[in-house]
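**Student:** turn this into a structure:
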Amino acid sequence: MGDYTPHTLEGQPVSNDLQPNKLAHKNVVSSVLHQQIKKDPPKIVSGKGNYLIDSNGDEKFDASGGAAVVSIGHGNTRVKDAVIKQMDQVSYCYLPFFTTEPAEKLAKELVDSTSGNMSKVFIVSSGTEANEAAIKLSRQYFAELPEPQMSRTRFIGRKQSYHGNTLGSLSIGYHQARRAIYEPILSQNTSQVSPCYPYRDQKEGESSEAYVKKLAQELEDEFQKWGPNTVCAFIAETMSGTSLGFVPPAPGYLKAMQEVCHRHGALFILDEVMVGMGRTGTMHAWEQEGVVPDLQTVAKGLGAGYIPIGALLVGQKVADTLFQGSGAFVHSQTYQGHPVACAAAYEVQQIIKEEGLLANATRMGDYLGKLLQERLGGHKNIGDIRGRGLAWGIEFVEDKASKKPFPSEKKISGLIHLAGLQAKEGISFIPGSGNADGKNGDVVLISPAYNMTRADVEIIVDRTEKVVREVLG
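**Tutor:** So this is what the prediction gives:
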């Protein structure tokens, strides 16, 4: 651990002037333990539609939807009214003891949105908590089978992946910068295989079918390495988030990985915390892939950021096993099924349905991808522009022909993010790094609200182009 370098949550190395020293608190006003301890971030005082307004009165176009959270824009009065109405009824009760109408309605809404493929819902407060619950439920499933399989204790994830920042969820993913300092205290019963990353990993002349077959064989080999009867589950983001930069799965990839899992009796878990709940143009990203997960996690777009909320969706096979076994899930959280959060999320989902926002996300996403390619596809430092629906990633490279990434020390995606926040352009992206090899590589993510208009898309692309050319020429 002697060569450890601090990184931000997005994987950006912390600059030297932000390294710890004895004057750390001298000029800092805030009592909040911000990610950058020595520098207070801009203070946002209001938000309306696609814009955030800071304490200087400057507007910033929220092209990232926060962290791909804001699915219906800021300041929606319907959601506010739903929250107030629920608070007038009951603001909190402990769900292991009771249930509430908002929790029941939201759970049914989620089950129905899967056409009944998922049968139960465990509602929590974040995507990380949803993934923690998925890990626990996977283990309990095998313990509750008519013939218990207690040897199943391992989990297989993917490199350059991210499932949350608690120790359990951090263990199953592999974002090198986010894990580094915590490695000694992470679970030792996890391992990772290669991500689905055609831009960098699919060889020249290699067909998509051959590439997928190679990845499936790697997963098969990982099962055999540890013993197939020791693996609880394989977990993957249906479409990667900040760790790779919204890389859609290659055709047939998820089907191939699911087949390996089910051949060995392991569970197939899809993490849709960032790309689920309509972000890719369908309510669930797996609907476009011809698969149904055994367990699925969602969060960000579920409540659109109005109140923290996430959920674990449970497939029929797993739910039936618990029902026929102990009849209980050995897990609980203080704020599970929080009635106010559920009321807010339920209203968000009604707005998405009633306003046709899934179809709009597809239309505006196609337009956004087209304009990004036209305006920036030929830039000498842009290696790839990829995405689906309203989830788009731009990957930056030092050399376009060789795909050589910028060294991490240059912090290119961080510089682009900071340049966008300046009043001159006023646009917010999600920066990410380490996508190329765990350390090097730069991406920025664009993930705006689903109620975008063509004019909004044009503003995003215009400002993005200006920022990129300002930083990279």
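**Student:** from here on, contacts and neighbour counts on C-alpha atoms
**Tutor:** Fine.
**Student:** strand partners of the helix or strand harbouring V443, parallel vs antiparallel please.
**Tutor:** When elements are assigned from DSSP states H and E, V443 belongs to strand 442-446. Using DSSP bridges, the strands paired with strand 442-446 are strand 391-396 (antiparallel), strand 430-433 (antiparallel).
**Student:** buried ones in it?
**Tutor:** For strand 442-446, burial by neighbour count (16 or more other CA atoms under 10 Å) applies to 442-446.
**Student:** swap in stretch 186-206?
**Tutor:** 186-187, 190-193, 195-197, 202.
**Student:** distance between the ends of it?
**Tutor:** Its first and final residues considered, stretch 186-206 spans 36 Å by CA to CA, to the nearest Å.
**Student:** pLDDT of that stretch, averaged?
**Tutor:** What stretch 186-206 shows for mean pLDDT is 97.
**Student:** how far off centre is it?
**Tutor:** Here the centre of stretch 186-206 is set off from its chain's centre by 18 Å, with CA atoms, centre = their mean, to the nearest Å.
**Student:** leaving out chain neighbours, which residue sits closest to M150?
**Tutor:** A143 (5.7 Å; CA to CA, 6 or more residues apart in numbering).
**Student:** give me the helices and strands touching whichever strand or helix holds the one you found, please.
**Tutor:** Here A143 is covered by helix 127-144, with elements defined by DSSP H and E. Contacts defined by 3 or more CA pairs under 8 Å, 6 or more residues apart in numbering; DSSP states H and E place helix 127-144 against strand 118-124, helix 167-172, strand 231-237, strand 267-272, strand 295-298, strand 310-315, helix 316-324.
**Student:** domains of the chain?
**Tutor:** Following the TED database, the chain resolves into domains at 44-74+357-472, 77-355.
**Student:** can you redo the ones you listed as JSON lines with distance to V32?
**Tutor:** Shown next, in JSON lines, are these (distance: least, CA to CA, whole Å):
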{"stretch": "domain 44-74+357-472", "distance to V32": "15"}
{"stretch": "domain 77-355", "distance to V32": "19"}
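**Student:** how close does Q217 sit to P184?
**Tutor:** 30 Å.
**Student:** scratch that, E259 is what I was asking about
**Tutor:** For E259, the distance to P184 - CA to CA - is 33 Å.
**Student:** quick one: K439 is in a strand?
**Tutor:** No. Counting by DSSP: H, G, I helix; E, B strand; the rest coil, K439 is not found in a strand; it is coil.
**Student:** next up, the contacts around it.
**Tutor:** 176-177, 408, 433 (CA atoms under 8 Å, 6 or more residues apart in numbering).
**Student:** so the nearest residue to L390 once chain neighbours are set aside: helix, strand or coil?
**Tutor:** Once flanking residues are discounted, L390 sits nearest to G365: 4.7 Å by CA to CA, 6+ apart. When classified by three-state DSSP, G365 comes out as helix.
**Student:** picking up where we left off before, of all the buried residues of strand 442-446, which comes closest to R139?
**Tutor:** Nearest to R139 among the buried residues of strand 442-446 is L445, at 33.8 Å by CA to CA.
**Student:** surely that closest one meets S243?
**Tutor:** No. If you go by CA atoms under 8 Å, L445 and S243 don't touch, sitting 10.4 Å apart.
**Student:** common neighbours of the two, please.
**Tutor:** If you check L445 and S243 against CA under 8 Å, 6+ apart, the residues they both contact are G432.
**Student:** residues near the residue lying closest to H34 once chain neighbours are set aside, how many?
**Tutor:** Counting by CA to CA, 6+ apart, the nearest residue to H34 once its immediate chain neighbours are dropped is D40, at 7.2 Å. Neighbourhood size, D40 [other CA atoms under 10 Å]: 16.
**Student:** quick check, pLDDT for D40.
**Tutor:** We have a pLDDT of 84 for D40.
**Student:** helix, strand, or coil at it?
**Tutor:** Going by three-state DSSP: D40 is coil.
**Student:** look up phi and psi at it.
**Tutor:** Backbone geometry at D40, expressed as degrees, to the nearest 10, gives phi -70, psi 140.
**Student:** kindly report the same for E209.
**Tutor:** According to degrees, to the nearest 10, E209 has phi -60, psi -40.
**Student:** what residue lies at the spatial centre of the protein?
**Tutor:** Centroid-nearest residue in the chain: M274, 2.9 Å away (criterion: CA atoms, centre = their mean).
**Student:** separation between the nearest residue in space to R179 that is not next to it in sequence and M118?
**Tutor:** Spatial nearest neighbour of R179, chain neighbours left out: L170 (6.7 Å); criterion: CA to CA, 6+ apart. In this view, L170 and M118 are 25 Å apart by CA to CA.
**Student:** buried ones in stretch 408-416?
**Tutor:** Neighbour-count burial for stretch 408-416 [16+ other CA under 10 Å]: 408, 411-416.
**Student:** give me the residues contacting it.
**Tutor:** 12-13, 396, 406, 431-434, 439-444, 467-468, 471.
**Student:** do stretch 217-232 as well
**Tutor:** With contacts defined as CA under 8 Å, 6+ apart, stretch 217-232 is touched by 138-139, 142, 149, 151-156, 193-194, 257, 260, 264-267.
**Student:** run the chain-centre distance for it.
**Tutor:** Relative to the chain's own centre, stretch 217-232 is displaced by 26 Å; criterion: CA atoms, centre = their mean.
**Student:** how about it: buried residues?
**Tutor:** Quick answer for stretch 217-232 (16+ other CA under 10 Å): 219-220, 222-223, 228-232.
**Student:** kindly report the same for stretch 458-473.
**Tutor:** Those would be 460-461, 463-464, 466-468, 472, for stretch 458-473 by 16+ other CA under 10 Å.
**Student:** mind listing residues that contact that stretch?
**Tutor:** By CA under 8 Å, 6+ apart, the list of residues contacting stretch 458-473 reads 61, 63, 368, 371-372, 375-376, 381, 415-416, 419-420, 425-427.
**Student:** closest one to G281 out of these, please.
**Tutor:** For the contacts of stretch 458-473, the nearest to G281 is L368 (13.0 Å; CA to CA).
**Student:** tally up the residues packed near the closest residue to that closest one other than its chain neighbours, please.
**Tutor:** With sequence-adjacent residues excluded and distances taken as CA to CA, 6+ apart, L368 is closest to V457, at 5.9 Å. Applying other CA under 10 Å, we find 19 residues neighbouring V457.
**Student:** ok, V457 - contacts?
**Tutor:** With CA under 8 Å, 6+ apart, V457 has these contacts: 364, 367-368.
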